[in-house]
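# curious how this folds, go ahead:
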Amino acid sequence: MFPKTGKVFPSSKDQQDSMDYAPMIALALQKQLGNSHQAIKTTMRWTGARERTVKNWFSGTHGPSGGHLIALARNSDEVLDIFLMMTGHRALLARANIVESITKLTDALEFMKLLQTKGQL
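Okay, the predicted model is just below:
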């Protein structure tokens, strides 16, 4: 005899997480692009989504899923940061920021060495 299976209702924590998702993505998009019609058009180009869909993302009533979320994360550092934070991968975000900082410091040091060799420093 097989065990009885059926639909499992999500816990209240799962529901809370999914309710926070759309407003967080909206905040990330608005932070990077603003809240103009041009921002909507840019997001449409990034994702291939329709205007009404993108407007729902910006308003925070619905969040992107699947391929749209991947396209947003590919094009928007803000969305990627929020996504990593929401998935509990803050260490990846911190590591990426450290690597970027090291690269910028290395570039600045190389520039200073160049100025020093030319006698401008």
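# could you use CA atoms for every contact and neighbour count after this?
Noted.
# next, H62: phi, psi?
phi -140, psi 150 (degrees, to the nearest 10).
# list the residues that contact the most centrally placed residue in the chain.
Ranked by distance to the mean C-alpha position of the chain (CA atoms, centre = their mean), the top residue is V79 at 1.3 Å. Neighbouring residues of V79 by CA atoms under 8 Å, 6 or more residues apart in numbering: I25, A28, L29, L72, A73.
# K31 now?
By CA under 8 Å, 6+ apart, the neighbours of K31 are E78.
# now the contacts of V79 as a markdown table including secondary structure, distance to G60 and neighbour count?
As requested, these are exported to a markdown table (DSSP: H, G, I helix; E, B strand; the rest coil; distance: CA to CA, whole Å; neighbours: other CA atoms under 10 Å):
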| residue | secondary structure | distance to G60 | neighbour count |
| --- | --- | --- | --- |
| I25 | helix | 7 | 26 |
| A28 | helix | 10 | 20 |
| L29 | helix | 10 | 24 |
| L72 | helix | 15 | 21 |
| A73 | helix | 17 | 18 |
